[in-house]
Every structure is written in C-alpha cells, then in structure tokens.
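Visitor: could you look at this predicted model? Sequence included:
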2 protein chains.
Amino acid sequence: MIDAVRLADASKRAWCLTQKVTRKRRATLRDVAQAAEVSVATVSRVLNAPATVSPITRERVEGAIDNLRFMRSPAARAINSGRTRAVAALVPTLDHAIFARFLGAMETRLGELGLSLLVATTGGDPDLEERKAWGLVEIGAEGLIVSGVSHSTGLDRLADRHDLPIVATSFFDPDATMPTIGYDNRAVARTALDHLTALGHRRIGVIHGPLEGNDRTQARLDALKASSDRAQLSFHAGDLGVGGGCRATAAALALPDRPTALLCLSDVIALGAMFELQRAGLGIPGDMSVIGIDDLSWSKHSAPGLTSVSLPVSEMGAEAAAALASWIETQERPDHRILSHLLVPRGSTGPPSGV
Amino acid sequence: MIDAVRLADASKRAWCLTQKVTRKRRATLRDVAQAAEVSVATVSRVLNAPATVSPITRERVEGAIDNLRFMRSPAARAINSGRTRAVAALVPTLDHAIFARFLGAMETRLGELGLSLLVATTGGDPDLEERKAWGLVEIGAEGLIVSGVSHSTGLDRLADRHDLPIVATSFFDPDATMPTIGYDNRAVARTALDHLTALGHRRIGVIHGPLEGNDRTQARLDALKASSDRAQLSFHAGDLGVGGGCRATAAALALPDRPTALLCLSDVIALGAMFELQRAGLGIPGDMSVIGIDDLSWSKHSAPGLTSVSLPVSEMGAEAAAALASWIETQERPDHRILSHLLVPRGSTGPPSGV
DNA sequence: CTGAAAGCGCTAACAA
DNA sequence: TTGTTAGCGCTTTCAG
C-alpha cells in the first residue's frame, strides 16, 4: 500500500504529511524526499555534496533524514558505484600471534585507505580456502589477501575468473602467478643457522611444527637441509603451538649425541623449548642455546631474552593492504615485494659450553 | 555501443554470436542471456533454482556463464534480498591472544551459519569505535558484535538509529542496553583470589594492565578491592603485554613487605611475572605463587604449569555469533547470557613458604 | 518451462 | 539550486 502512494502521480503532492511509514520498513531516499518536499536528487545531494544545496533546503532534508532515521542502503550505493569498499583476508588461523599481528596491521592500513576488512580462516585446508574465497567474493570483496597455503590452484581460478586482485603474503616468490609480498623464508632460516654456527655450534637441533599445507615451514627446512654441511642437523617435528615445541624439544634432548643449540622455526616453538629446558634443569644459553623466528612481542622479555629473527609481519600487513588497494584503484597489478628480516641477538644464544 | 546492441529490439535476435564483449567490462546477466539465447529470467533461474529449468536450456546457459566468466554482482543481489550476509566484529586489538581466539571461534561459527565476518579494531578508543562501527554498517554489516570498551553511548545511538542488532561480549550485565554475552569478571577475579587465600596466602600482589577504556580490568579490580578483608592486597599496574607484567612484578618484588603470591589479571601478564621471577632467582611456587586469568593455550606447558582461571572465550565467540545470527534472522533480540569460568590449578601455585 | 516487465534504493546526467 | 529521468544488475511476479 505504500507503493500505491508512491505510484500516484508524483507531481500531485497530495499525500498526507503526517502519515507514518509502516513501522519496520526502513525509510528510503524517496521517503525522505517526500517528507522534505524535495526530489530524490536533492536528498542524494545533501548526502553526497551538501555544498551544492541551499542551506535552507539542506536543513529541511537533514531534518527529514533524522526523523525518518534514514540510512543509505549500502547495496544500492554499491550497485551504482560498482564498489563495496571491502577486501578480504584469508588466513589459516587467528589463533596464532603472527597472523593476528599481520591482520591487525592490515586492518589499520586498510582503514586509512577507506577500506574494510573481511576475515576468514581456513584452518590450513586448501578446499576450505577455496570455498571461503569464493564466498568472500560473492558477498562483495573487491580483492583478497591470502596468507599461508596459497599455492592452491583454486585461487588462481578465482583470480582469473573474476579478474580478482589477489595478493599472496608470508613468502616471496617472483615466479608466483599472483603478486607476493613477503620475506625470503630460506634466507630467514639461514640467518638463524648462521648465527648459531658463527657462535661455534656444530650439533644443532631443528625444532619445527607440522609441515602439511605449510609452505613457510617447508621452505625454511629446505634451506636448512641445503646448508647441512655447516653443522650436524637433527630435525624434530611437533604439533602446532607451545606444546609441540615442548615435545619436540624433549625428543631432541633424548638424542644420544645431544645438540648444543636449538633452532626453533618460530618463537612460539622456542617458548616451548625454553620451558622444556627449564623442566630438564638445563641452563640457557649455558647448557643449550635457543634461537627462534618471528620476534614476537614477549621475546625480548623472556628470561633470558630470546634471540630471534625478526620478521616484518606488521610491515607485510600494511604493504599488502596498500598494494591491494592500489591494484583495485588503478587496475595495475602491483609488483612482487620482498621485505627484509633482521637477526635480533639476545641472551638465549651463546657459544657452546666447552669452547 | 554495447548498450546500443542491448537496446535493439530484443525479439529480433540479430546479434552476432561471435561478438566479443569489450574486454574489461564484466559480463552481466543480460550478456549471458543474450549469449544463451534466453531471457534474463531464465538465467536467473539456473542460478537460483536450477531444477526449474529444462536440462537442455540449463546446459546452454551454464555454458554461456562459463564462457563469459560471469559472476553475479553481490550488490545487486543484496539490493533485492535486502541481505548482505555479513556481520562485523569490533575489538580493541587483534594483537592479543584472547581476542584472536574469540574472533576465530566467532568466524568459524558464522561460517557455519552462512555469514561472513568484517573485522575492525578500535585500539580501545571510544571515538574510533563509534566511527568504525558506522563505517561497518555503511558498507553493509547486518549486525555488530563488540568486545571491550562497549559502554559508549555512540553504539546505542547506532543501534537505535538503524535498528541494528548489536551484541556486547566479554562481560555480562543484565542491565545493559544491549544483550551481553560474557562472563562475570568480578566472580572471575574472586575465584583467583579464593584459590590463593585458600592456600594460605595473606599478602598478595595484584598485577594488572592499563585501566583506561578497559571495563574488564576495572571490574576485576573492583571485586578484588571489595574482598580486601581476606588478604592484604597491593596493586601494581603495568603496560599492556608481557613487558608490562615484568615491570609491575619488579615493583611488587621491591616492596618492603613482599607478597607471597602474585594474582595476575591475565596470563600474558603472568608470563611476564614468571620471567621476572626467574630473573630474580625466585622459585615458583616455592618463593612465590603465581596465578593468571585466561588459561591461554601455552599455560599448561609452562614450567611450572600456570594456574589460571579458564575463560570461555571460544564459547563466547560462538555464542555471540549464534545470538547475532538469530537476532538478524528472527528479529527477536536474544537474551543476556552468562558463561561460566573455571579454575585450573597447576604447578605455579602452592602454599606460602613457611606454612 | 520460459519470457516480459516491474521494481529494489540509489546515483548521475541532463534540463529547467 | 533543483527536479526529471534513466539506468546499475539482479530477482520476481505474472502471463503465456
């Protein structure tokens, strides 16, 4: 019945000013126009270019807007502008400081650029990754930032099919089909190893998490294996998280020819290693050196401070956001970008005992 | 010129089948209809109710869809359905395990419910909180879940203005204007205190983070102060994070009449306390008991295991997601909901020395 | 089973 | 400065 009113000859302003819109139906631009006795164009103007409307009409319109508690429909705006102003990030999990930090930086940067962030987690499952990616696009993501798995072809299909900007992060690979913004995981691992060998360590236990669907861990491990002439390396896998670090470390300690240093592929794992060493009554770095990767915010505060390779995670988030935004804006695909890591030596590493 | 084609008499199917759509313009429903020689309605049907279309036409249409790499416009769908299928969460920061875990659980649940998650961070700033909330709604969030600050009136205005479903989490308050889903922070703090006093501690140092814009910390502190007849409490504030815990702990240790136990208002702070104690050469729990709140995933693995009050953070995320979804779906505002916490005694607490 | 046509709520020419 | 009027891309009656 509201429609009947609308369809009535618009020039004949015979409607009743005091009519109450049926409760629960949200006010539209037309309702406002009607209430303010102006055209929809005028209302649209006070919304988008207030300066072009005479103060007096503007006030009237604004009054109507307030009375009717009007809000523009995002969908209708989007359909006209062709833009939703939202992009999406796909990460394996939020329950990991490194991804959380990454997303935080990204969200902040996107906010500055006037974009909102959709977040979805994949649990490291390529299938889910693909499904969620489609879902995100279907609800309006203008671009995607993926972190983690990423080498799946599903995303390539999406990118191709939809001309969707997708940037991959957490690794750098100039040969990848989509732009990558990240660090060189092989170099990162080598940096850690170099630090240990430079201190004189020759028997080193490498403590790492699960490999499945984790390119980063794999790349680091590969680099280490390729450098195994520099030291005698033993590899110990654990589950995700601190617990995994504990168990893998226990395995390393049980070795007949125990390592003099532990190279942990993440700070979280290193924390587990430190706990385990403490339980074993081993001193750090006196009995065992420990180095991590990530340089999480607590690493500098541990006792002793954890030597770590600092990864440009926040920078990566911000850069990825900026790259994606510019891609969307200019239609020009951004270049791959490598970010540098940095060794942060602290108390947890020292020369092997007996040197 | 494409439009010229479109405007040509539609019944006269005189267009060239091999014409290539101008590259870069995304295919629309009409393009598909044209290519498949059917009406837009039919294309829409194969998209939304494939069963109602004859297999042969359907195949033709699907072929066209593939050829033209067609994807429906989310905006256009939303404008018709009135639904965006996205909700938003507003948290102080992502850089904190507790919020990350919360969001993770929420995203998972929302995914099951067919909703996507927009995430924005406020840095604990009420102004930013309000701005971001409006922004999220303006790009299409159908509902909001806030965590942290939340007592700002700005959100109430938003809720009122837009009839926007907003649920508040991380605390429980049946008198709040919006539905709250959370735990009783006062009870949580009392549980921790009870544990310590039951063990015989009478001088307890309370280690906490910043208060500004943090209702949860404030509520916990209030409860503690109200119970100060049970023990002699000293309060030590630190910055956010492990570092803050270290410094506040150092202050507590410097007290002339040193506490026998440290009640840390979060596990992160407790980690800082443990590090600091280790640096000071004090044994846990021999020289000093430590209890935290949160029961983060690493807490059980520390050396010794950290006694903590487990907070139903994941459950809270899932519940909040479900409540918001049902609110949106049924238009019925959900009830407040209180979730229970649980003391998890581990090795870091014991009777005071000398008892 | 299929098509024509009327919108959804808004923006943007183009006129007045 | 303001109004008229086409659409945006899709869904959805209502007829055939």
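Guide: Received, thanks. Numbering: from 1, shown residues only, chains lettered A, B, ... in the order given.
Visitor: mind listing the helices for the stretch 151-300 of chain A?
Guide: With DSSP state H, counting those that start in this stretch as the criterion, the stretch 151-300 of chain A has helices at A:153-162, A:185-198, A:215-226, A:241-253, A:267-279.
Visitor: in the third one, what counts as buried?
Guide: The neighbour-count check on helix A:215-226 (16 or more other C-beta atoms under 10 Å in any protein chain shown) flags A:215-217, A:219-221, A:223-224 as buried. Every C-beta, even on glycine, is put in place using the N, C-alpha and C of the backbone.
Visitor: quick one: neighbours of the closest residue to DNA strand C within the stretch 201-350 of chain A, just the number.
Guide: For the stretch 201-350 of chain A, the residue closest to DNA strand C is A:Glu329, as judged by C-beta to the nearest atom of the strand, at 15.6 Å. Neighbour count of A:Glu329, defined by other C-beta atoms under 10 Å in any protein chain shown: 12.
Visitor: again, but for A:Asp287
Guide: Neighbours of A:Asp287 (other C-beta under 10 Å): 15.
Visitor: how about the contacts made by the spatially most central residue of chain A?
Guide: Geometric centre of chain A, nearest residue: A:Leu103, 3.5 Å, by C-alpha atoms, centre = their mean. Shown in contact with A:Leu103 (C-beta atoms under 8 Å, 6 or more residues apart in numbering or on different chains): A:89, A:91, A:94, A:117, A:119, A:317, B:94, B:119.
Visitor: Serialize these to CSV and add fields for distance to A:Glu107.
Guide: Listed next are those as CSV, based on distance: C-beta to C-beta, whole Å:
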residue, distance to A:Glu107
A:Ala89, 8
A:Val91, 12
A:Leu94, 12
A:Leu117, 5
A:Val119, 8
A:Gly317, 8
B:Leu94, 7
B:Val119, 6
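Visitor: rewinding a little: any chance of the buried residues of helix A:215-226 in TSV, with distance to B:Leu110 and pLDDT too?
Guide: Output for the buried residues of helix A:215-226, formatted as TSV (distance: C-beta to C-beta, whole Å; pLDDT from 0 to 100):
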residue	distance to B:Leu110	pLDDT
A:Asp215	27	83
A:Arg216	27	89
A:Thr217	29	93
A:Ala219	32	94
A:Arg220	33	96
A:Leu221	35	97
A:Ala223	38	97
A:Leu224	39	98
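Visitor: so which helix or strand of chain A has the lowest pLDDT on average?
Guide: helix A:2-7 (a mean of 36; mean pLDDT, DSSP states H and E).
Visitor: hmm, back to that, from the contacts of A:Leu103, which is closest to B:Arg186?
Guide: Comparing the contacts of A:Leu103 against B:Arg186 with C-beta to C-beta places B:Leu94 closest, at 26.7 Å.
Visitor: and the closest one, how many neighbours?
Guide: So B:Leu94, with other C-beta under 10 Å, has 26 neighbours.
Visitor: from B:Thr121, how far off is it?
Guide: 6 Å (C-beta to C-beta, to the nearest Å).
Visitor: hey, what's in contact with both of those two?
Guide: Common contact partners of B:Leu94 and B:Thr121 (C-beta under 8 Å, 6+ apart): A:104, A:107.
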